[in-house]
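**Q** The amino acid sequence is not available; the structure is as follows:
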Ligand SMILES: *[C@@H]1O[C@H](CO)[C@@H](O)[C@H](O)[C@H]1NC(C)=O
Ligand SMILES: *[C@@H]1O[C@H](CO)[C@@H](O)[C@H](O)[C@H]1NC(C)=O
């Protein structure tokens, strides 16, 4: 939105400085701005006689700026609505998103161009009719990812097509997914809730994080990814962030209001675990599963309360915390808990396939400083079986949600 806002503010400010008279506004509202303004400002006449850009792009940009404004509002009363009211009105924030801006629109358009009609129209319908108009009306369909490979195409384009096809091969994904999950569970001592005797000694949460991330791309407690450096986009930086939750954060942090949803969630965990217990010929009474399920949901509620809500995450300055691996280690160690995460080892294990060496001086970007600190406290206060159950269970949730 900032492009539009900035553009509109500039345009509006100029107009306002030069022509701050009621008469002008009055004329303008009636649609007769002709001839009252010096040439750069009079958009309705004179333009042809001067050096004004008349390309399609310029016209479209001018149109966007004009429609972003709300001329029915007196700028002396409410300057923001005067400059941006039109945009705000035609782009409501969808209930599923914390914001709506120009970047969202561009992302949608890109999705549309990459993946073709179906997915984007579904997404647009999901986000609201305005985006559908935008997507269907203003972009050309091209389905880049669905085209056949062609000679001489760029390597990243070819790689993206291959990845896209691999993702669509759901049979293979299912087959590999199930065996990977079984292997992973065996390796880490199985689902704690579904066993008569779960060996706590076998459980190492750092090792679980590594295998979940490497084998399944899941991040149950800490989200790690490589992102461009916001201070220099020619560089990439390892980014450490809060994880996403299974239920919406708003539900988890308000268990009183959403008690029926949380109850249903708990029941689902119990039923799913009972199925696994049966399948594994274990003998775990339902009452014991219920207690565990209660603890797991309680843990997720606490975890949710440590995370920042979306509106807080609009502030890029708050989320810009560049530091070395060594400093991150010092920071989380300062929580003074028994359960320590060894960041250097964790990152090295994560990147072992590409033989990357991570030194203590490696720069990382920590998005949520407080979360990392508080997470260590939460984990050390929580029984291992609950941490294990939550972490390993992300697999089943992920698969069901997808
Ligand atoms: C940005 O990063 C690149 C790659 O590391 C480097 O060559 C360049 O000098 C950096 N630019 C600035 C302004 O720091
Ligand atoms: C990583 O190192 C191993 C052993 O030296 C080597 O076999 C493998 O090809 C290397 N992988 C990459 C991606 O460089």
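**A** Sure, I can see it. Fair warning: this is a prediction, and the values are worked out from it, not measured in the lab. Numbering: from 1, shown residues only. Ligands and ions are numbered 1, 2, ... in the order given.
**Q** Compute the first-to-last residue distance for stretch 336-350.
**A** 25 Å (C-alpha to C-alpha, to the nearest Å).
**Q** for stretch 363-372, that is, sorry about that
**A** 16 Å.
**Q** how long is stretch 311-330 end to end?
**A** 29 Å.
**Q** Contact partners for residue 224?
**A** Listed by C-beta atoms under 8 Å, 6 or more residues apart in numbering, the contact set of residue 224 reads 213, 238-241, 346-347, 350. Quick note: C-beta positions are derived from backbone N, CA and C, even for glycine.
**Q** Run through the neighbouring helices and strands of the host helix or strand of residue 57.
**A** Assigned by DSSP states H and E, residue 57 falls within helix 56-68. For helix 56-68, the elements it packs on are helix 2-18, helix 79-90, judged by 3 or more C-beta pairs under 8 Å, 6 or more residues apart in numbering; DSSP states H and E.
**Q** helices and strands around the helix or strand where residue 162 lies, which ones?
**A** For residue 162, the host element (DSSP H and E) is helix 155-168. Applying 3+ C-beta pairs under 8 Å, 6+ apart, we find helix 155-168 packed against helix 170-187.
**Q** Just want the angle from the helix it packs on to helix 155-168.
**A** Interaxial angle, helix 170-187 versus helix 155-168 (axes from the mean of the first three to the mean of the last three C-alpha atoms, to 10 degrees): 80 degrees.
**Q** neighbours around residue 170, how many?
**A** Counted with other C-beta atoms under 10 Å, residues neighbouring residue 170 total 10.
**Q** got a pLDDT number for it?
**A** Looking at residue 170, its pLDDT stands at 79.
**Q** if we can go back for a sec, worst mean pLDDT among the helices and strands packed on helix 56-68?
**A** Here the lowest mean pLDDT among the helices and strands packed on helix 56-68 goes to helix 2-18, at a mean of 45.
**Q** residue contacts, the residue in the stretch 301-402 of the chain that ligand 1 sits nearest to?
**A** At 10.9 Å from ligand 1, residue 363 is the closest residue in the stretch 301-402 of the chain, using C-beta to the nearest ligand atom. Contact partners of residue 363, counting by C-beta under 8 Å, 6+ apart, are 237-238, 322-324.
**Q** With residue 384 instead?
**A** 192, 200, 203, 205.
**Q** who's in contact with the second one?
**A** If a contact means C-beta under 8 Å, 6+ apart, then residue 200 has 384-385 as its contacts.
**Q** looking at this, residue 323 is in a strand?
**A** Yes - applying DSSP: H, G, I helix; E, B strand; the rest coil, one finds residue 323 inside a strand.
**Q** hang on, it packs against residue 364?
**A** Yes - the criterion here is C-beta atoms under 8 Å, and residue 323 meets it with residue 364 at 6.3 Å.
**Q** near ligand 1, which residues of this protein show up?
**A** Contact residues, the chain versus ligand 1 (C-beta under 6 Å from any ligand atom): 232, 234-235.
**Q** Which of those fall within strands?
**A** 232, 234-235 (DSSP state E).
**Q** Residue 323 and residue 364: which is more packed in?
**A** residue 364 (19 against 16).
**Q** Quick check, that one in contact with residue 238.
**A** Yes - here residue 364 reaches residue 238: they are 4.7 Å apart, a contact under C-beta under 8 Å.
**Q** pLDDT weak spots in this structure?
**A** 1-50, 115-142, 177, 397-402 (pLDDT under 70).
**Q** Residues contacting stretch 311-327, please?
**A** Under C-beta under 8 Å, 6+ apart, the answer for stretch 311-327 is 98-99, 229-231, 237, 331, 343-344, 347, 358-369.
**Q** Was I right to think residue 306 contacts residue 371?
**A** Yes - under the criterion of C-beta under 8 Å, residue 306 makes contact with residue 371 at 5.3 Å.
**Q** re the thing from before, nearest to ligand 1, of the contacts of residue 384?
**A** For these, the nearest to ligand 1 is residue 205 (34.0 Å; C-beta to the nearest ligand atom).
**Q** is it true that that closest one touches residue 339?
**A** Yes - Residue 205 lies in contact with residue 339 (C-beta under 8 Å); the separation is 7.1 Å.
**Q** Please enumerate the shared neighbours of the two.
**A** Common neighbours of residue 205 and residue 339, using C-beta under 8 Å, 6+ apart, are residue 379.
**Q** one step back: take the contacts of residue 224 and keep only those in helices.
**A** With DSSP state H as the criterion, helices contain 346-347, 350 from among the contacts of residue 224.
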